[in-house]
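**Student:** I'll drop the sequence and a predicted model, then ask my questions.
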Amino acid sequence: MGGRDPKKTLKIRPYRRVGGTLFWIPRSLKDHVKKIKHADISKSLDLSSIWDQAVEIDVVNNLVKEVEELNIEEQIRRQIVNINKSVRESLPALLLSGFFSLFAGYLMTMMTGELEHFPGLFVLIVPIIGLRGAASSAFASRFSSSFHLGLVDKTMNSFLRGDAMENIKGYLASAILVSILIGFLSYYSCVMQNIPHMSLMLFLVIATISGVLSTLMLGVSVVLLTWWAVNAGWEPANIVIPLLTTLGDIFGVVIVYLVIISLAGAVV
Amino acid sequence: MIYNWKRIVIESVPLLIVTSFISTFAGSAIETAITIFKTYPGILLFVPAFLDACGDINSTFASKTASTVHMLGPGAISLRGKHNKILFDNIIATFSSALLFFFIFTIVSYIIGSFLKLVFPPLEQMLLIILSSGIVASILLIAIALATVKIVVRYNFDPDNFGSPIVATAADLLAANIYVFICFLVLK
């Protein structure tokens, strides 16, 4: 049964390249699929013909599937992993963010003088900066989802009630709670690794004050930036989240710096 | 209401505690290199930007890998699979962005730091430190991203929810340790 070679019977190339990159499914192939799928095979008494049609449908369907997969692959290579496009789009954002972070780095260089009074300070600073980024990114991401779900609109009032207010309360509670815990975690991390460190009380005071202040400042920034992005007609996730990493660095280090400058007199 | 503040706290606090604790080890790496930072305060200038960039560049890789897996299935992350060209393009794009960024950033920051009268090692040593740390960190983080996506897909979870957060946390820890280690090697 099935003496014919379906590929030869079709007499068409299954797919071809256009301009070296694009693939397309020829119309004749699509028409052929329709024709053989809708043919009233029940009237045919020739079993061989029915078998041939079944094989043809199978071959054509596989070809269509193969072409579709190639199209998706081409789309990914053009849109998502294109080397030129990736470098062109990401480099300006990385450089902008990097140069803002230099300010945080500069403040850290100024803190090296305070390390005599606050040994173990850097063990505390890195998680404080990291927490600001992680907690506020999730906060911003939830705001972005709220906007797409219609839970907030372009009015500032909608950002301060209902689901949005629950989001704000959740962010403040979790970020402040973890800030205090970071004091403990940093102290015990120093003890575990035998790194010279200040007292647990100083770790807790610096972590709590800087945690509360920077959480509040970043919280206000997220609400204002999301509201601004929504009103400007931009996708909040594209604008707010990348900015938060940099803002988190700056707020985190500036506030820790101000706190240790204030405490330096008392410690000495 | 879809959000409840107590639920947000319960779901987010455990992950934040774990990532914060891991970050303390990144802080420890910087603390141990304090002698170098006292001699060359300029090296400390690069730390926040270097850690952020390693996290951002490789989180983007993880996010793109997750998108390709959603579109083409788990075969998209196989080195020998039929879609391996996509994976190689993604890796090359990541390295190209990383190398260009670290090169431009080091030179411009060096100039800015010199205006701020910060003491740096010679520019060629600074470039060697940043570029080699960036490359080593990227190799390890790409491997972590691929392994994470592979494991997560195997257990039918969404790779978007795991790839980027895990890479971002690993970036803090690995990038800080690699940066300090290479500083010691180059400046010993």
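**Tutor:** Great, that's in hand. Numbers count the residues shown, from 1 in each chain, chains lettered A, B, ... in the order given.
**Student:** mind pulling the model confidence for residue 102?
**Tutor:** The chain I'm using is chain A. Looking at A:Leu102, its pLDDT reads 88.
**Student:** um, chain B though
**Tutor:** With respect to pLDDT, B:Phe102 scores 94.
**Student:** next: B:Pro14.
**Tutor:** pLDDT, B:Pro14: 87.
**Student:** okay, buried residues for the helix or strand containing it please.
**Tutor:** Using DSSP states H and E, B:Pro14 falls within helix B:5-32. The neighbour-count criterion (16 or more other C-beta atoms under 10 Å in any protein chain shown) identifies B:5, B:8-9, B:12-13, B:15-17, B:19-32 as the buried residues of helix B:5-32. Just so you know, the C-beta spots here come from the backbone N, C-alpha and C atoms, and that holds for glycine as well.
**Student:** intersect the residues you listed with the contacts of chain A.
**Tutor:** B:5, B:8-9, B:12-13, B:15-17, B:19-21, B:23-28, B:30-32 (C-beta under 8 Å from any C-beta of the partner chain).
**Student:** show me what the helix holding B:Pro14 is packed up against.
**Tutor:** helix A:121-148, helix A:162-193, helix B:159-187 (3 or more C-beta pairs under 8 Å, 6 or more residues apart in numbering or on different chains; DSSP states H and E).
**Student:** among the ones you listed, which comes closest to A:Asn71?
**Tutor:** Distance to A:Asn71, taken as C-beta to C-beta, is lowest for helix B:159-187 among those, at 22.3 Å.
**Student:** in the stretch 51-200 of chain A, which residue sits closest to chain B?
**Tutor:** Closest residue of the stretch 51-200 of chain A to chain B, C-beta to the nearest C-beta: A:Gly170 (2.7 Å).
**Student:** you'd agree that residue is up against B:Ser12?
**Tutor:** Yes: A:Gly170 is within contact range of B:Ser12, at 7.4 Å (criterion: C-beta atoms under 8 Å).
**Student:** where does the prediction get shaky in the stretch 51-200 of chain A?
**Tutor:** By pLDDT under 70, the weakly predicted segments of the stretch 51-200 of chain A are A:51-57, A:60.
**Student:** now the residue of chain B found nearest chain A: closest residue in space, sequence neighbours ignored.
**Tutor:** Here chain B gets closest to chain A at one residue, B:Ile8, 2.7 Å apart by C-beta to the nearest C-beta. Nearest residue to B:Ile8, sequence neighbours excluded (C-beta to C-beta, 6 or more residues apart in numbering or on different chains): A:Gly170, at 2.7 Å.
**Student:** residues contacting the closest residue to B:Gly163 other than its chain neighbours?
**Tutor:** Once flanking residues are discounted, B:Gly163 sits nearest to B:Ala62: 3.5 Å by C-beta to C-beta, 6+ apart. B:Ala62 makes contacts with B:145, B:148-149, B:159, B:163-164, B:166-167, as judged by C-beta atoms under 8 Å, 6 or more residues apart in numbering or on different chains.
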